[in-house]
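Colleague: Show me the folded form of this:
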Amino acid sequence: MIRTILALFAVLFSLSILPASAQKPDYSMLDGAPYNPKTEPDIDMFMGNWRESAPHSIWGTLIERDILKKNDGDLMRPKARSAALQYINRLSYGSLSARNVTTPAVLKGEQVIFYIDGGKGEITAGGKTARIYNGVGVLMPPGIEFTLKNSGDDPLTMYLMVEPVPAGFKPKTEMVVKDENILPFGMANAHWSYIPKTFFSKNDGLATIFGMAPVWFDGMTMGQPHSHCPGMEEVWFSLEGDPTILLGKQLRPFPAGTAYKVPPDYKTPHATINVKDRPAKAFWFLVRTDETEPPHPSYAMLDGEPFNPDRDADINLYMNNWRNSMPVSTHGSLVERDVLSKGDPMKPARKGAALKYVNRFTYATLYAYYATTPIILKGEQEVFYILSGQGKITAGKKTADLYAGICVLMPAGLEFTMQNTGPEPLTMYLINEPIPAGFRPNKDMLVVDENTTPITYHNAHWVGCVKSFFETKDGLGSMESILTCSFSPNTFFHPHSHTNTTEEVWVALNPDTHLLLGKQICLQEPGTAFLVPPDNKTPHANFNLSDKTVKLFYFARYQDHEVRK
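Modeller: Residues are numbered from 1 along each chain as shown. Here you go, the predicted model:
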């Protein structure tokens with residue numbers, strides 16, 4: 001039985017991501033272009049909740065409310081919200097009041113799959129009666145008289161998936177009943193993190209639907225973002241928990257009673273995200289026609305293989321918080337604590353030891369009223385990004401005030417000092433970069449005030465609002481870009497990976513943010529930095545589920561480049 005379940009789910013979930021043989025798609029990232037409402041589907045039109053629709057009665061006493069209904073003409077541009085279905089007649093929610101019984105009914109030209117959501121009762125069809133309660137599914141074929149009975153004091157609630165019966169189809173001669181409560185899990189890593197239970201398939205009598213299953217998402221997990229092609233109809237509805245969905249390039253809450261259909265354009269990815277400690281539960285069904293699959297576009301999806309610790313990067317080694325390291329003294333009286341340090345970016349020997357092109361990235365503190373000794377950097381440069389406190393920095397004949405948001409590029413060969421002029425610690429991030437042979441450093445320090453710097457980009461990697469500080473042309477030696485990036489509430493950054501010439505670091509400033517790194521999600525607290533593993537297969541994406549704007553500090557080196565002579 002276990003082998004049968006595993007085999008079925010291997011087919012069900014792999015079929016939705018099989019690439020066309022004519023083209024090998026790039027699974028390293030999703031489409032990075034900003035959302036364009038003129039060319040991309042309006043995802044809200046592909047979603048529905050039964051609470052949004054008017055009730056009507058069927059079979060005498062069952063109250064039905066639509067969730068998703070038949071499309072009204074344009075599959076990619078539905079004219080009405082939730083009118084998105086092409087192959088299925090409808091997905092709805094039903095409620096039978098306490099002690100009520102439906103009138104006898106016989107289906108014609110369609111069959112119904114009931115999934116019981118709450119309450120208790122009985123279903124009778126063709127002389128056969130079965131108990132129904134939460135987790136029980138019933139496939140009701142056409143041509144059989146049936147009734148539903150609520151035997152309890154609470155409403156008997158259910159989801160109804162109504163599928164057409166094609167010409168020539170031979171339906172079952174009696175209803176089919178399954179109880180998920182006694183079924184074993186099929187697998188725990190379909191599309192990274194799905195934990196499904198086999199429900200109905202073609203072998204059980206489905207006519208149009210290919211397969212269906214309840215699926216669990218354990219705490220702090222996320223499904224693989226991937227898209228679907230024309231000829232497929234994949235629908236999810238939420239049952240329990242408090243998950244979020246990524247659909248296209250946007251986030252939406254996914255409370256119980258909500259369903260969505262994946263737009264079948266091969267460009268609109270979807271993924272369920274559960275950042276809670278408790279599991280979330282959803283229900284899935286898929287129609288797969290015999291239509292010829294078009295080739296996958298490049299950037300259609302991320303790698304869908306299950307996480308393999310022997311092959312995939314250990315993301316914990318690429319992350320660190322300055323609070324995990326011990327303090328050291330530099331610059332006479334500056335206290336530094338490592339965040340990321342020099343190491344092997346492909347296989348860090350210890351946590352945070354992953355830098356190849358930058359010497360070190362630290363959190364530094366200058367205590368109240370202290371000053372550094374005069375320093376001249378040789379063969380290296382430093383960048384200071386001020387987090388809190390107040391002070392001054394002097395280099396050559398130039399002095400600048402220091403406060404939150406000030407970023408300073410200190411070139412090699414220039415004597416400088418830093419002073420804390422206030423009663424609170426002056427805190428900062430410090431980047432120390434080597435300068436290449438023959439490099440010509442700046443003659444003066446550069447100072448940028450983030451507070452007065454305009455936004456450079458407002459939709460970088462879908463949603464990032466960027467303020468640039470320094471680039472190669474400004475005098476960086478090894479690095480190529482230093483900036484801050486802000487994310488509005490309820491947004492998801494474009495997932496993508498990097499090659500072995502890239503060194504990209506992201507640091508959480510405020511408040512907490514969630515992070516997809518590889519195939520795992522985690523909480524990134526302020527003070528925590530991560531380096532993107534440069535293996536071209538480990539995607540990264542911050543996402544903001546809070547009601548506050550999230551800000552991150554960023555520095556990167558992208559590829560070999562000509563240095564300033």
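Colleague: What is the neighbour count of the residue nearest to residue 513 when sequence neighbours are not counted?
Modeller: Excluding its sequence neighbours, the residue lying closest to residue 513 (Cβ to Cβ, 6 or more residues apart in numbering) is residue 550, at 4.5 Å. C-beta coordinates here come from the backbone N, C-alpha and C atoms, glycine included. Neighbours of residue 550 under the rule other Cβ atoms under 10 Å: 25.
Colleague: what's across from residue 550 in the sheet?
Modeller: Residue 550 has these beta-bridge partners by DSSP bridges: residue 487.
Colleague: Who are the contact partners of it?
Modeller: 486-487, 508, 510-511, 513, 542, 544 (Cβ atoms under 8 Å, 6 or more residues apart in numbering).
Colleague: Could you point out the helix or strand that follows the worst-scoring helix or strand of the chain on mean pLDDT?
Modeller: Using mean pLDDT, DSSP states H and E, the weakest-scoring helix or strand in the chain turns out to be helix 2-15, at a mean of 40. Where DSSP states H and E defines the elements, the next helix or strand beyond helix 2-15 is strand 47-49.
Colleague: ok, that following strand: who's next to it in the sheet?
Modeller: With DSSP bridges as the test, strand 47-49 is paired with strand 258-261 (antiparallel).
Colleague: For the next helix or strand after the partner strand, give me every contacting residue.
Modeller: Of the helices and strands lying after strand 258-261 in sequence (DSSP H and E), the nearest is strand 270-274. Here strand 270-274 makes contact (Cβ under 8 Å, 6+ apart) with 217-227, 234, 236, 241-248, 251, 254, 260, 262, 280, 282, 521, 543.
Colleague: that older thread, and the buried ones among the contacts of residue 550, selectable in ChimeraX?
Modeller: Applied in ChimeraX, the following selects the buried portion of those according to 16 or more other Cβ atoms under 10 Å:
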select :486,487,508,513,542,544
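Colleague: Can you tell me which of the contacts of residue 550 is closest to residue 299?
Modeller: In terms of Cβ to Cβ, no member of the contacts of residue 550 lies closer to residue 299 than residue 542, at 18.8 Å.
Colleague: which secondary structure element contains that closest one?
Modeller: Per DSSP H and E: strand 540-544 holds residue 542.
Colleague: so how far is that strand off the chain centroid?
Modeller: Averaging C-alpha positions (Cα atoms, centre = their mean, to the nearest Å) puts strand 540-544 7 Å from its chain's average.
Colleague: Likewise for stretch 448-458?
Modeller: Averaged C-alpha coordinates place stretch 448-458 at 28 Å from its chain's average position (Cα atoms, centre = their mean).
Colleague: Now do the buried residues in that stretch.
Modeller: Going by 16+ other Cβ under 10 Å, stretch 448-458 has these buried residues: 448, 450.
Colleague: Please work out the average pLDDT along it.
Modeller: For stretch 448-458, mean pLDDT rounds to 95.
Colleague: thought residue 507 was touching residue 431?
Modeller: No - with contact defined as Cβ atoms under 8 Å, residue 507 does not reach residue 431; the gap is 10.1 Å.
Colleague: I am finished for the moment; much appreciated.
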